[in-house]
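Engineer: Just need the structure, nothing else, for what follows:
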Amino acid sequence: MAAPVSIAHTHVHALRLAGGAEALAARVRIADGTPGYGFTLNLEPAVARDMATWDAFARARAVPLYGLLGGLYRKSVILTTDQSPALPADWAALRKDLHGAKREPLRIDPFAWGAVEMVPTIAAVASSYGLGIALLAPNAHVWEIQYCAALAASLRLEETKVIVHQNVAQESIQISDRPGIGIDWTAEPAFSRLEWQER
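Structural biologist: Numbers count the residues shown, from 1 in each chain. Below is the predicted model:
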């Protein structure tokens, strides 16, 4: 389910967020010239580049991310505070958790799994066991929450929540219908000051 696009150029920047944390922001330009943007707070550039590629692909098709990943299954997602850890990003741990059905729903950190297509894949496996999934926004950053909501919108499951480890002001988040991954980049002033290389 990888985004079938030809990438013309990639550029990754580090930036300081308003709260003091560091993030990586990626810009991918696909062959038709459409740009896409991604980010990560876990400082793994591959995560940001993969997200940016999907963003560019969705923008080029003029559809939200859920339009590429199987459709819109919810218009908003419930945010919940929970201190439970997410599953480690490895298939052996996931298999063990599925067979033991220790947790309902399964807690998945989409940033740890790396690729956008991993979340729908894990959701399909969880569904076959009659389980839902909850997506972890590990730093409770607005970009993480928006990204998790965009992914959750495409999951054909009875229940999908976004988990944060700290209290946030809202109880739910609306799913963006803008083309791309639906991140409000203006939430971080440093993003607009990035100088992207052109080639």
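Engineer: Could I have the CA atoms of the helix or strand bottoming out on mean pLDDT in the chain written out in CSV?
Structural biologist: Least confident helix or strand of the chain, by mean pLDDT, DSSP states H and E, is helix 91-100 with a mean of 79. Presented in CSV, the C-alpha positions along helix 91-100 are these (Å, rounded to 0.1, in the frame of the first residue of the first chain):
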residue,chain,number,x,y,z
TRP,A,91,5.6,-7.8,14.8
ALA,A,92,6.5,-10.4,17.4
ALA,A,93,5.2,-8.2,20.3
LEU,A,94,2.1,-7.5,18.3
ARG,A,95,1.4,-11.2,17.6
LYS,A,96,1.9,-11.9,21.3
ASP,A,97,-0.5,-9.2,22.3
LEU,A,98,-3.1,-10.3,19.8
HIS,A,99,-3.0,-13.9,20.8
GLY,A,100,-3.1,-13.0,24.5
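Engineer: Give the next helix or strand downstream of that helix.
Structural biologist: Per DSSP states H and E, the first helix or strand lying C-terminal to helix 91-100 is strand 106-108.
Engineer: Going by contacts, tell me the helices and strands next to that following strand.
Structural biologist: Contacts defined by 3 or more C-beta pairs under 8 Å, 6 or more residues apart in numbering; DSSP states H and E place strand 106-108 against helix 91-100, helix 118-128, strand 133-137. C-beta coordinates here come from the backbone N, C-alpha and C atoms, glycine included.
Engineer: Show me the shaky parts of this protein.
Structural biologist: 1-4, 101-103, 199 (pLDDT under 70).
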